[in-house]
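*Asks:* model the structure of this input:
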Amino acid sequence: MSEEALRKNTVANRLRHGGESGLRRLMALRRALNLVFFWEKKFFFIAMLVGAGMLSLPLPDDLSHEGLVVLTMSVVATILFVTEPVPLPTVALMIIVAQVLLLGIDSTKVAKSLMTDSVLFIMGSLMLAVAVVKQKLDKRIAWFIVRLTGTRTARICFGISLVSGLLASFIGEHTVAAMMLPVGITLITLTSDDPKKVRNLAAVLLFSISYGCSVAGIGTPSGGARNAIMIGYWKEFFFDPTNPETQKFIVDYLKWMMYAYPMFLVQLPFVTLILLFTFRPEYRDLARAVVKLRAQIEAEGPMKGADWVSIFIFFLILVGWIGLSGDIGMGTVAILGAAAFLVAGLVRWEDVNNGVNWGVVLLYAAAISLGLQMKDSGAAAWVASNFLALLEPMGFGEGIGLWGAVSALTTAVTNMMSNGAAVAVLGPIVLNLADAAGESPLVIGFITAVSSAFAYLTVVGTPACTIVYASGYLKTTDFLVVGWKMVVMSIAIMLAAAWVYWPLLGV
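*Replies:* Residues are numbered from 1 along each chain as shown. Predicted structure coming up:
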C-alpha cells in the first residue's frame, strides 16, 4: 500500500472511530436528559399511579362509581397542586378533559360549569389589579402612611399593615402586595444601603405588608378568590328559589363584610405586636428615611388628573359591589369596572393582557367545576360522613370542636396550595360535613374561607408572602418563626367570633 493510501486509510479509521465515540456520547447525553426529564416529572407520574391505583380499588359502601372517579380526580389534582411537576393551568386542563372522558359528561355542560359569576369576579379583579398597579402610587402611599403615623417604627409598621389591609380587603392581596412592596423597600433602602444593618427592620416592614394583606383578605368577597368561591358554593348547594327559608344562603357583599370585617380589624394590632416581638427592629425611628422620601415626593409634584380619575372609578366599583352585587352579581361589577379603566384610557389592553395571569382564571374555573362534581356525584357527602365519624370519638363532632377541626384542616391544606384551590377542594366536603353534623353551613363555610387565609407558614402559602420574599430580604425560616404565632392568634380570634359575635347576626 502506498504511503498516500495508508494515510487516507488511517484518517478514515480515525473519523469512523471518532464518529462512533461521538455517537456513544450523544446517546449517553440523551439517556441523561431522559433521566432528568423523568426526575423533574416524577410527581406527575406518581400522581398518575396513585390515580390508577384508586380507580382499581373495590368500590366503598355508599359511594357511587362516579363519586370514586371524582375523588380520584381530586386526589390527583391535589398532588399536582402541591408538587407542581407541571404548570398549574395544565392541571386545570386535565380536570376539564377528565370530566368528559372519565365521567362521561357532555363537553358543553362542562364548559358551562367553568364560567360562573365567581370566575367572572376573579377575572375582573385581576384585570382591575393591573389597572391599579399601572398608576404607580407607591411613594405617595408611603408618604401618606408616614404623615398618618409619624416616624416611629412601630407606628409605621402598624400604618403599613392598616393601609395594606384596607386596600387588600377590597382589591385582593396579590395586587396590594405588589403595590406596597416598593413602599417597604423604599423605607428600608432610605434607612440603610446595607441589608445586614436593617435585617430585622426589613422583616418587620415586609411582613407588615404580607400579613396585613392576608388578614384583610377575609374582610370582603373581593378580598380573595376563596371568598367568591365559597359564596358560589352556598348558592349552588343550598339555595332554592321556591323556598324562602334558603334565601339566607345568598350572601352579598355587605352581608359578608358584617361577618368577616370585624375579625380583620381585631387582628391588625396583634399582627404588629407579634412582628415587633419576633423581630426587634434595629431602628426605632425612621426620621432620616422620611426626610429623603419627602424630597422625592416634592420632586414628583402634585397628583395628576389621571390619578384622581382612577380613584373615582375604583370608588364607583366599590359602591357597585356593595349595592348592586346582589342583583347583577359581583363578577359583572368587576368586569364593568375593568372596562371603565380601559374606556378611560387609564390602562391599555396590552397591559391587561400581559399583566393578568389567565392561567389562574382557568385554574379557579376548573377547580370550581370539579367541586360541583364532588357535590353532584355524592363524593363530598361520603367524605364528610367519614370525616365526621372519625372526629366524633375524639369529641370534635359538633360545636367548637368541629369548628376547630375544620379550621386546622383548612390551615394545613392552604399552606400547601393556593387558598382559592384549598377552598375549591374542601368547600363541598365541609359543607356536606356541616349538613351531616347538624351545624350551620354558613358557619362552617365562613370558618373554611377565613381559615384559608392563615397561610403564614410558607413562602408559597399566599401570593403576598411570595411577593415580599422575592425582595431578597427574607429567609424561608422567617416564615416559620413568626408564622405559627400568627396561626394561633388568627384561629383564636376566628373561633371567638364564631362563638360570640356571629350568633348576634342570626346564624
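*Asks:* switch to C-alpha atoms for all contacts and neighbour counts from now on
*Replies:* OK.
*Asks:* burial of T72, as a residue count?
*Replies:* Close neighbours of T72, defined as other C-alpha atoms under 10 Å, add up to 21.
*Asks:* the residue lying closest to I317 once chain neighbours are set aside: how many residues sit nearby?
*Replies:* Spatially, and ignoring its direct neighbours in sequence, I317 is nearest to G337 (5.8 Å; C-alpha to C-alpha, 6 or more residues apart in numbering). Residues contacting G337 under the criterion other C-alpha under 10 Å number 24.
*Asks:* also the one 5 residues further on?
*Replies:* Look at L342: counted by other C-alpha under 10 Å, it has 17 neighbours.
*Asks:* and the residue nearest to it when sequence neighbours are not counted, how far from V130?
*Replies:* Distances taken as C-alpha to C-alpha, 6+ apart place R348 nearest to L342, at 6.2 Å, with adjacent residues excluded. Computed with C-alpha to C-alpha, to the nearest Å, the distance linking R348 and V130 is 10 Å.
*Asks:* got the buried residues for stretch 184-204?
*Replies:* For stretch 184-204, burial by neighbour count (16 or more other C-alpha atoms under 10 Å) applies to 184-188, 190-191, 198-204.
*Asks:* so where is the stretch 401-507 of the chain shaky, pLDDT-wise?
*Replies:* Applying pLDDT under 70 to the stretch 401-507 of the chain flags the ranges 416-418, 460-461, 463, 466, 470, 507.
*Asks:* distance check, the residue nearest to L342 against A131.
*Replies:* Counting by C-alpha to C-alpha - R348 and A131 are separated by 9 Å.
*Asks:* so those two - more neighbours on which side?
*Replies:* A131 (25 against 15).
*Asks:* that one contacts L346, doesn't it?
*Replies:* Yes. The criterion here is C-alpha atoms under 8 Å, and A131 meets it with L346 at 7.0 Å.
*Asks:* can you report how many residues lie near L265?
*Replies:* Neighbours of L265 using other C-alpha under 10 Å come to 16.
*Asks:* I'd like the next helix or strand past the helix or strand where it lies.
*Replies:* Using DSSP states H and E, the element containing L265 is helix 253-278. Per DSSP H and E, the first helix or strand lying C-terminal to helix 253-278 is helix 287-300.
*Asks:* so what touches that next one?
*Replies:* 139-140, 143, 146, 151-152, 186-188, 190-191 (C-alpha atoms under 8 Å, 6 or more residues apart in numbering).
*Asks:* residues in contact with D435?
*Replies:* Counted by C-alpha under 8 Å, 6+ apart, D435 has contacts P441.
*Asks:* quick check: it vs E398, distance?
*Replies:* Distance, D435 to E398, by C-alpha to C-alpha: 11 Å.
*Asks:* how about L126?
*Replies:* From L126 over to E398 (counting by C-alpha to C-alpha), the distance is 38 Å.
*Asks:* just want to know which of the two has more residues nearby.
*Replies:* L126 (26 against 17).
*Asks:* the more buried one against V356, yeah?
*Replies:* Yes. Here L126 reaches V356: they are 5.9 Å apart, a contact under C-alpha under 8 Å.
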